[in-house]
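Undergrad: Would you be able to build a 3D model of this:
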Amino acid sequence: MMFRLECMTSGNDPPTTAGIHAESLLFALAANPHNFLNSDLVRCVRGWEPWNLTWINEQERADIERAAKIAEEGVGGAVEELVGFAKEGVDAILDQGRTRALRVSVAVIMHSLQDSTESDTKCGDWTVLQVVWDKHTHGLLNYAIDMFTRINVEVNQGFSLTPLPPPAVGLESLLLLTNESLHLIAKLHPLSITTSRTVRLLVSAVLDMYSCAYTASREFIMNSAVRSAASLAEHACANVLRVFSSGPQDQHNCGPRIVLRTLLEQGLRFDNVDPAKRVLCALDLVLQALPDADDADDLPVGWIGTVIPQSLTPLTLFLQHLGPTHKIQLVRRLVSLDRGVLGLGEFLVRGEVKRLAGVMNVMADRGAVIQWEVGVGLEFLAGLLESEDSEWCITALCQSDLATIMTGLFDASLYSKHLGTIAARLAESPESLGIELRLAVVATLLRGVQARESSMSTMNAFGLISTVLETTEEKDRDPERLLWEVGHALAAIIDSGHDFDSESVVNTLLLLDSPSQSDLHGLTSEQWGKLCFHLETSLPTNMLPMLPIIKGFQPSPSPPPTILILPSSITLPFYDLISLLESHAPLPSTPPPKHKSLSQAGILGLVALSPPTALLRSPATRGLTKTYTRNDFRELRQMPSARQNTSRLPSMHVDVSSGLFFKCSRSSLVFEMADVASYVGFRPSRDGVFTTRSTCCTDWGHITTFTAIHHCERKWVQLAC
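TA: Here you go, the predicted structure:
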């Protein structure tokens, strides 16, 4: 087949239809770098002559011939091409021809690394290492990583938030080159010695590439080729991290510890990328880099104690940027790997509760945002308690500041369904709780009943309340406060019409019975009657003697408390979002004058010096200047030979300047020298313009008009009269 294509493309002058079709077939074959491993294709391409093809242009022919030459030279030519590109660094030009050459180089090296047999000689690792030593290019893995980082820079240009010049190569070719390069790096890892700096550089670039491939596989829906290449790149990124994370135990410094720490740190660096997508991609890679829970028995001894403690600080920061669902997923994986050796789950839960307790201190200042943050934290804790193996979480919560959070939300009249879930789960084992936490759990359950939360209607809330109160001593209870909550909770149950456990209600009231407090706030007489009737008809026989004690309570109507539900999400109008993204230019302002002190100004600071031009304008000056008398100046300007000046208003020049001063305020013009103003004949008009009659001051010249400046503030204005 290849021989026929070679015959059709050689000497195709004039061009024939068969020759053109043969060229298109050869061009399609050249798109796959593995086809260059076929010696027949290489011989066909190497036989092309310049400017002798019709369907393939000269640039494409040169690129294909360059790739064929690399394949013909074997491992030596492939290593030379790869190392040469890596040494160019960020200045390396990555065009279509260079991409094809690099893909062929990677294919040739990967083919040599495989355990194939040729002429009874086993080819494999030794062949590649021998070529590297002969060419003095030691550290082929480092060169491969440098090549991958350069490709990563090119791919990221197409996925940045700010517009950047598009890459010169198609996205499909770059993603395919990425997939092949990462497989080569994973293959070279067991043969090389790596440093922590190299591993950090690789992991950071892998995270960038994974984010781009993740976006491309979900956004390029219409382009199946790009979507397929992006999926291959995603799998290659996860595979290379698993290879570097599963190194031997004596390589912890360059293995799983560096990989995990770098992912957690780089996942929070949002340089011109989507922050939410960046965090999710980092989480995916962290979960794939960590061993599975089923493989925990196969881990080396001391693996968890060597890898995790070195990453606690970035791990804590990373968890704060995750949503509740993803945070639960990561913590459960770490707990399953820890198996109680380090107490990692307890440490993370106590840290989260401590952070929420600190956030509660600024809730009054920041409002809805802090309320939402507290609600998200409670959702995370409730999710951990819902799992089957949650005893470790209960232990951690009992040793934390959870009582402070519950009490703070109770005092602020805030409630969340996740808070009710936590309280109900803790009430199942009240012996392990402190007295403060027990009372906080009881108050939270009563508030949940008052808020008529759906989960409270399906559980026996009063049964849990009575169970917790039975473990407390009478001196530790607060009957007045709890009876107030119990009364409003019973009123909410009666109004809703839901059924309730009569025995639990009676036990709760008996535990809170106090001679000094017998009022049930929140219950009206009608509601109290319905409650007593329900107790009479539903209580078992052995508890009927308790009814007189219960009827000793007195209903006391009072308005129910206003309970606010913690928001589960925050909405921001689009207009407000645009205003946040806009850059506000500073308002222009005149810089304040520099005031010099008397010591800095010296003795001359008290003297007001006039500019030189003021001396020339003085009427007393003689010589080069002329003194105009009466209307000489206007008469000269009215001569036909005089050039008319239309660029400014008529001159206000007069012979004598008088010292008439007027004081301006913001709203009106106030005359401090009313007698002088009346003397010169000023009179206001309707439009706020002050005029004067020239007959009143014929000796001073013509005073045309004076316009009041209303926007000035307490300034003195001198009129030339």
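Undergrad: for the protein, what's the longest helix?
TA: Under DSSP state H, the helix in the chain containing the largest number of residues is helix 196-219.
Undergrad: Could you give the average pLDDT over that helix?
TA: For helix 196-219, mean pLDDT is 92.
Undergrad: Which other helices and strands does that helix contact?
TA: Secondary-structure packing of helix 196-219 (3 or more Cβ pairs under 8 Å, 6 or more residues apart in numbering; DSSP states H and E): helix 140-156, helix 171-188, helix 224-245, helix 256-266, helix 275-289. For the C-beta atoms, the positions are set from N, CA and C on the backbone; glycine is no exception.
Undergrad: what comes up buried for stretch 93-109?
TA: Going by neighbour count (16 or more other Cβ atoms under 10 Å), the buried part of stretch 93-109 is 94, 97-109.
Undergrad: quick check, nearest of these to residue 545?
TA: residue 106 (88.3 Å; Cβ to Cβ).
Undergrad: which ones are touching that closest one?
TA: Applying Cβ atoms under 8 Å, 6 or more residues apart in numbering to residue 106 gives the contacts 33, 78, 82, 177, 180, 181, 184.
Undergrad: Leaving out chain neighbours, which residue sits closest to the third one?
TA: In space, residue 82 comes closest to residue 105 once its chain neighbours are excluded; the distance is 4.9 Å by Cβ to Cβ, 6 or more residues apart in numbering.
Undergrad: can you count the residues close to the closest residue to residue 96 other than its chain neighbours?
TA: On the basis of Cβ to Cβ, 6+ apart, the spatially nearest residue to residue 96 that is not a chain neighbour turns out to be residue 169, at 5.6 Å. For residue 169, the tally of surrounding residues (other Cβ atoms under 10 Å) stands at 19.
Undergrad: measure residue 169 to residue 223 for me?
TA: Distance from residue 169 to residue 223, counting by Cβ to Cβ, to the nearest Å: 15 Å.
Undergrad: try residue 269
TA: 29 Å.
Undergrad: try residue 575
TA: With distances defined as Cβ to Cβ, the gap from residue 575 to residue 223 amounts to 35 Å.
Undergrad: of those two, who's got more company?
TA: Between residue 575 and residue 223, counting by other Cβ under 10 Å, residue 223 is the more crowded of the two (14 against 8).
Undergrad: quick one: average pLDDT of the one helix or strand residue 510 maps to?
TA: Using DSSP states H and E, residue 510 falls within helix 502-511. Taken as a whole, helix 502-511 has an average pLDDT of 88.
Undergrad: Now find how far off-centre it is within its chain.
TA: From the chain centre to the centre of helix 502-511 is a distance of 50 Å (Cα atoms, centre = their mean, to the nearest Å).
Undergrad: For that helix, which helices and strands make contact with it?
TA: With contacts defined as 3+ Cβ pairs under 8 Å, 6+ apart, the secondary structure elements packing on helix 502-511 are helix 461-470, helix 479-496, helix 525-538, helix 547-550.
Undergrad: Following the chain past the shortest one, name the next helix or strand.
TA: In other words, helix 547-550. Once the chain leaves helix 547-550, the next helix or strand it forms, by DSSP H and E, is strand 554-556.
Undergrad: Sheet-wise, list the partners of that following strand with their directions.
TA: Strand pairing for strand 554-556, using DSSP bridges, gives strand 519-521 (parallel).
Undergrad: Contacts for the partner strand, please.
TA: Counting by Cβ under 8 Å, 6+ apart, the neighbours of strand 519-521 from elsewhere in the structure are 483, 484, 486, 487, 488, 490, 528, 553, 554, 555, 556, 558.
Undergrad: Name the residues of that strand that come out as buried.
TA: Of all the residues in strand 519-521, those buried under the rule 16+ other Cβ under 10 Å are 520, 521.
Undergrad: what does stretch 331-347 give?
TA: By neighbour count on 16+ other Cβ under 10 Å, the buried set for stretch 331-347 is 331-338, 342, 344-347.
Undergrad: repeat for stretch 21-29
TA: Of the residues in stretch 21-29, those buried by neighbour count under the rule 16+ other Cβ under 10 Å are 22, 23, 26, 29.
Undergrad: same thing with stretch 351-368?
TA: If you call a residue buried by 16+ other Cβ under 10 Å, then stretch 351-368 has these buried ones: 351, 352, 353, 355, 356, 357, 359, 360, 363.
Undergrad: one step back: now for the contacts of residue 106: which two are most distant?
TA: If you compare every pair in the contacts of residue 106 using Cβ to Cβ, the most distant one turns out to be 78 and 177, at 13.8 Å.
Undergrad: My understanding was that residue 437 contacts residue 400; is that so?
TA: No - in this structure, residue 437 is not within contact of residue 400 by Cβ atoms under 8 Å, at 9.2 Å.
Undergrad: coming back round to it: narrow the buried residues of stretch 21-29 to those in helices?
TA: Using DSSP H, the members of the buried residues of stretch 21-29 that fall within helices are 22, 23, 26, 29.
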